[in-house]
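Asks: got a predicted model here, sequence first, then my questions.
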Amino acid sequence: MKKLALLVLSLVAAVTVSNAQVCALKSNALYLGIGAVNLGAEFSVAPQWTIDVSGTAVIFSPWKM
């Protein structure tokens, strides 16, 4: 029975089609702890190639520049 289940699972995994995402929105939650907002977007341009656009806005900084 275990061999049959493994065979069916491997066949299903072999014939499924996976589509990559076209656009992803990203954020870094650790930046919120220091008072900065970090947001970004990542776009797919080709298989295994992406372009990343991100930025950080400092809301509060306890350190003097």
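Replies: Everything's here; your move. Numbers count the residues shown, from 1 in each chain.

Asks: nearest residue to Ser27 in space, please, no chain neighbours.
Replies: Counting by C-beta to C-beta, 6 or more residues apart in numbering, the nearest residue to Ser27 once its immediate chain neighbours are dropped is Leu39, at 5.5 Å. Backbone N, C-alpha and C define where each C-beta goes, glycine included.

Asks: and the one you found, which helix or strand is it part of?
Replies: strand 36-46 (DSSP states H and E).

Asks: try Leu6
Replies: Following DSSP H and E, the helix or strand that holds Leu6 is helix 2-15.

Asks: quick one: mean pLDDT over the helix or strand following that helix.
Replies: Toward the C-terminus, helix 2-15 is succeeded by strand 23-27 as the next helix or strand (DSSP H and E). Mean pLDDT, strand 23-27: 82.

Asks: and strand 23-27 with strand 36-46, angle?
Replies: Relative orientation of strand 23-27 versus strand 36-46 (axes from the mean of the first three to the mean of the last three C-alpha atoms, to 10 degrees): 160 degrees.

Asks: what separates strand 23-27 from the chain centre, distance-wise?
Replies: Mean-position distance between strand 23-27 and its chain equals 6 Å (C-alpha atoms, centre = their mean, to the nearest Å).

Asks: next secondary structure after that strand?
Replies: Next element after strand 23-27 (DSSP H and E): helix 29-32.

Asks: with that, I have no additional questions.
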